[in-house]
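Trainee: sequence first, predicted model second:
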Amino acid sequence: MSHSHIHASHPDLIKRLKRAEGHLRHVIGMIEGQQPCLDIARQLTAVESAVTAAKRVLIHDHIDHCLVHETSDALAEMKAMTKLL
């Protein structure tokens with residue numbers, strides 16, 4: 001099941017993910033620049049946290065706005081999405 005509409009949270013999610021994308025490019029540069037592994041791991045943790053937070057916002061927004069009008073198909077979709085948390 002897919003929804004082809006934009007939620008109010010989507011512009012913020014795009015900003016968050018673009019920021020994470022830039023941060024990830026920086027981490028790649030750190031690896032290429034042979035920076036210490038501990039520093040790289042710390043920065044990767046920050047990127048991972050940013051992506052996880054964006055995913056949670058997306059899933060919670062989906063619950064709040066997409067599932068209120070649906071029935072058994074929506075429940076199956078929700079179960080599939082919660083596996084991604």
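Mentor: Noted; the coordinates are in hand.
Trainee: what segments of the chain are helices?
Mentor: For the chain, applying DSSP state H gives helices covering 10-32, 37-66, 72-82.
Trainee: now tabulate these in CSV and tack on mean pLDDT.
Mentor: Rendered in CSV, the data for the helices of the chain read as follows (pLDDT from 0 to 100):
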stretch, mean pLDDT
helix 10-32, 95
helix 37-66, 90
helix 72-82, 74
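Trainee: mind putting the ones you listed in a markdown table, mean neighbour count included?
Mentor: Yep, even glycine has a C-beta here, placed from its N, CA and C like the rest. Rendered in a markdown table, the data for the helices of the chain read as follows (neighbours: other CB atoms under 10 Å):
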| stretch | mean neighbour count |
| --- | --- |
| helix 10-32 | 13 |
| helix 37-66 | 14 |
| helix 72-82 | 12 |
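Trainee: could you measure from the closest residue to H65 other than its chain neighbours over to A53?
Mentor: In space, and not counting its chain neighbours, H65 is closest to H7: 5.8 Å by CB to CB, 6 or more residues apart in numbering. Note on H7: its distance to A53, by CB to CB, to the nearest Å, is 16 Å.
Trainee: one more: D73?
Mentor: Here the criterion is CB to CB. By it, D73 lies 28 Å from A53.
Trainee: D12 too?
Mentor: Counting by CB to CB, the separation of D12 from A53 is 11 Å.
Trainee: and what of I63?
Mentor: With distances defined as CB to CB, the gap from I63 to A53 amounts to 16 Å.
Trainee: off-centre distance for stretch 51-64?
Mentor: A distance of 7 Å separates the centroid of the chain from that of stretch 51-64, by CA atoms, centre = their mean, to the nearest Å.
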